[in-house]
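*Asks:* whatever this is, show me its structure:
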Amino acid sequence: MTDTLLPCVEIEPPQPANRAVIWLHGLGADGNDFAPIVPHLKVAANVHIRYVFPHAPKLAVTINGGMVMPAWYDILSMHIEREVDTAQLRQSAQAVNALIAREVARGIKPEHIVLAGFSQGGAVVYEAALSHPQRLGGLLVMSSYLATAASVVCHAANQQLPILIQHGSHDPVVAEQLGQQAQQWLLARNYTVSYQRYPMQHQVCAEQIAAIAKWLNEVLA
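*Replies:* Numbering: from 1, shown residues only. All right, here's what the predicted structure looks like:
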């Protein structure tokens with residue numbers, strides 16, 4: 001990855017933005033993946049959110065036979081412990097930090113910026129948010145896992161970060177056990193974590209989107 005900013009799909013609010021959500025897709029998808037849910041995320045009249053959906057770079061993915069596809073990092077093994085390329089994951093987290101810096105330069109306070117991620121994207125935003133040196137507005141992790149639990153250097157600035165974990169109870173791709181492990185890891189380090197499970201697989205459901213809207217209103221009010 002280069003020092004240039006990731007290309008992104010950006011959705012501007014009707015009024016000048018005073019909040020931002022940077023939302024990462026999963027393996028093999030792109031920044032268009034979650035854009036369709038934005039109209040369903042109803043927020044308070046004074047909350048004007050710019051949604052930023054970056055596109056992952058294209059990488060060879062070992063578990064898919066070395067096929068090149070949009071990926072935040074290589075996955076070397078799909079066993080429950082998940083063997084991943086942590087150097088690539090940290091590069092992706094640094095790319096997210098660059099997007100945070102751009103939002104700050106645009107006039108959005110760090111505490112008004114939420115990081116969100118689905119599956120692989122969730123693993124990246126865990127790393128980015130927990131290590132970020134400025135207090136952020138919140139962290140939303142969907143159907144994911146804490147891939148860098150053994151190496152992430154948590155920053156005190158985000159010790160009070162509101163964290164919402166959502167997971168499907170029938171997820172065949174990222175077992176719910178991994179979402180629960182991340183929750184327990186965070187709770188053991190005194191983070192404030194909300195955990196929501198849904199009767200679904202590796203996907204997003206309408207009830208979950210309503211919960212995300214409610215949570216965004218709480219953390220970005």
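*Asks:* quick one: the residue sitting furthest away from the middle of the chain and Glu103, what's the gap?
*Replies:* In the chain, the residue that sits farthest from the middle, by CA atoms, centre = their mean, is Gly65; the gap is 25.7 Å. Taking CB to CB, to the nearest Å as the measure, Gly65 falls 37 Å from Glu103. Where C-beta positions appear, they are placed from N, C-alpha and C, glycine not excepted.
*Asks:* now do Ala17
*Replies:* Taking CB to CB as the measure, Ala17 falls 8 Å from Glu103.
*Asks:* between those two, what contacts are shared?
*Replies:* Shared contacts of Ala17 and Glu103 (CB atoms under 8 Å, 6 or more residues apart in numbering): Arg50.
*Asks:* name the helix or strand for the residue positioned nearest the centre of the chain, please.
*Replies:* Central residue of the chain (CA atoms, centre = their mean): Gly117, 2.3 Å from the mean position. Assigned by DSSP states H and E, Gly117 belongs to strand 113-118.
*Asks:* shaky segments in this structure?
*Replies:* Counting by pLDDT under 70, the chain has low-confidence residues at 1-3, 80-81.
*Asks:* could you pull out the strands for it?
*Replies:* 8-11, 19-24, 49-54, 58-61, 67-70, 75-77, 83-84, 113-118, 138-142, 162-168, 192-198 (DSSP state E).
*Asks:* burial of Gly66, as a residue count?
*Replies:* If you count neighbours by other CB atoms under 10 Å, Gly66 ends up with 10.
*Asks:* give me the distance between the closest residue to it other than its chain neighbours and Lys214.
*Replies:* Once flanking residues are discounted, Gly66 sits nearest to Ala60: 4.9 Å by CB to CB, 6 or more residues apart in numbering. Distance, Ala60 to Lys214, by CB to CB: 39 Å.
*Asks:* how close does the closest residue in space to Leu89 that isn't next to it in sequence get to Val141?
*Replies:* Closest residue to Leu89 apart from its sequence neighbours, by CB to CB, 6+ apart: Tyr73 at 4.1 Å. Using CB to CB, Tyr73 is found at 16 Å from Val141.
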